[in-house]
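Got a sequence here, can you model it:
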Amino acid sequence: MITTVLYIVVYGLILISLVAIVRAYNGPTVLDRVVAMNVITTNVVLIILIFAHIDRSYYYIDVAFVFVIGTFIGTLCVLKLLREGHII
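Take a look at the predicted model:
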């Protein structure tokens with residue numbers, strides 16, 4: 001029962017990610033695109049965690065954690081680039 005619900009949640013996350021891809025493509029500003037990419041990466045992390053729970057392979061949690069850290073650093077770099085014009 002819970003597995004079926006989790007699969008439905010995964011399909012919902014995929015649908016939200018597709019809407020965010022459209023938003024990232026059509027976004028009028030760069031910040032809209034940054035927010036859309038953050039939504040997509042958050043959904044990917046949630047899907048990884050859900051499949052880790054379904055498969056009972058909890059070592060995927062480390063993969064999701066590294067993915068979140070990389071996304072956070074990438075977002076900070078993009079925002080610093082937009083604010084100051086350079087990253088370093």
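
ok, Met1 to Ser57 distance?
Distance, Met1 to Ser57, by CB to CB, to the nearest Å: 21 Å. To be clear about C-beta, it is placed using only N, CA and C from the backbone, and glycine gets the same treatment.

More neighbours: those two, which one.
The neighbour comparison of Met1 against Ser57 (other CB atoms under 10 Å) goes to Ser57, with 11 against 5.

Nearest residue to the middle of this protein?
Centroid-nearest residue in the chain, with CA atoms, centre = their mean: Thr41, separated by 1.1 Å.

which residues sit in contact with it?
Neighbour list for Thr41: Phe67, Val68, Thr71 [criterion: CB atoms under 8 Å, 6 or more residues apart in numbering].

among those, who's most crowded?
Using other CB under 10 Å as the neighbour criterion, Thr71 leads these with 17 neighbours.

In the strand or helix carrying that residue, which residues are buried?
Per DSSP states H and E, Thr71 falls inside helix 60-84. For helix 60-84, burial by neighbour count (16 or more other CB atoms under 10 Å) applies to Ala64, Thr71, Val78.

Lowest pLDDT pick from the residues you listed?
The member of the buried residues of helix 60-84 with the lowest pLDDT is Val78, and it reads 90.

close enough to count as contact, that residue and Val34?
Yes: in this structure, Val78 is within contact of Val34 by CB atoms under 8 Å, at 5.8 Å.
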